[in-house]
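Asks: With the sequence up front, the predicted model follows.
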Amino acid sequence: MTWTQAELDALRAAYARGTLRVSYEGRSVEYGSEADLLRRIRTIEREMAAEAGTPKPTHSLATFRKG
């Protein structure tokens, strides 16, 4: 699915305000929880990054050895 920057901006603004209802481009969506809203934001960010050819962020853990 193709996402728009306007949609992502509206989702981020709603999350920052602590609201669950998001309106953009003449549409309105109400999310069930902040976790649902944040999950949608992360999904859109990942898909937009993939379309732009930007690598996804990765996490790694450092390991240490004594000796």
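Replies: Here it is on my side, so go on.
Asks: which residues are contacting the longest helix seen in the chain?
Replies: In the chain, with assignment by DSSP state H, the single longest helix is helix 34-52. Residues external to helix 34-52 that are found in contact with it (C-beta atoms under 8 Å, 6 or more residues apart in numbering): 1-3, 5, 7-8, 11-12, 14-15, 18, 20, 22, 31, 55-56. (C-beta placed from N, C-alpha, C; glycine too.)
Asks: Now intersect those residues with the helices, please.
Replies: Per DSSP H, helices hold the following members of those: Gln5, Glu7, Leu8, Leu11, Arg12, Ala14, Tyr15.
Asks: Go through these and name the one nearest Arg27.
Replies: Using C-beta to C-beta, Glu7 comes nearest to Arg27 of the ones in helices among the contacts of helix 34-52, at 8.8 Å.
Asks: Sheet-wise, list the partners of the helix or strand containing Val29 with their directions.
Replies: Per DSSP states H and E, Val29 falls inside strand 27-30. Using DSSP bridges, strand 27-30 pairs in its sheet with strand 21-24 (antiparallel).
Asks: Flag every buried residue along the strand it pairs with.
Replies: Val22, Tyr24 (16 or more other C-beta atoms under 10 Å).
Asks: pLDDT on that strand, on average?
Replies: Average pLDDT, strand 21-24: 92.
Asks: coming back round to it: buried ones among the contacts of helix 34-52?
Replies: Neighbour-count burial (16+ other C-beta under 10 Å) applied to those gives Glu7, Leu8, Leu11, Arg12, Ala14, Tyr15, Val22, Tyr31.
Asks: Count the neighbours of the residue nearest to the second one when sequence neighbours are not counted for me.
Replies: I take that to be Leu8. Closest residue in space to Leu8, ignoring its immediate chain neighbours: Ile44 at 5.1 Å, by C-beta to C-beta, 6 or more residues apart in numbering. Applying other C-beta atoms under 10 Å, we find 18 residues neighbouring Ile44.
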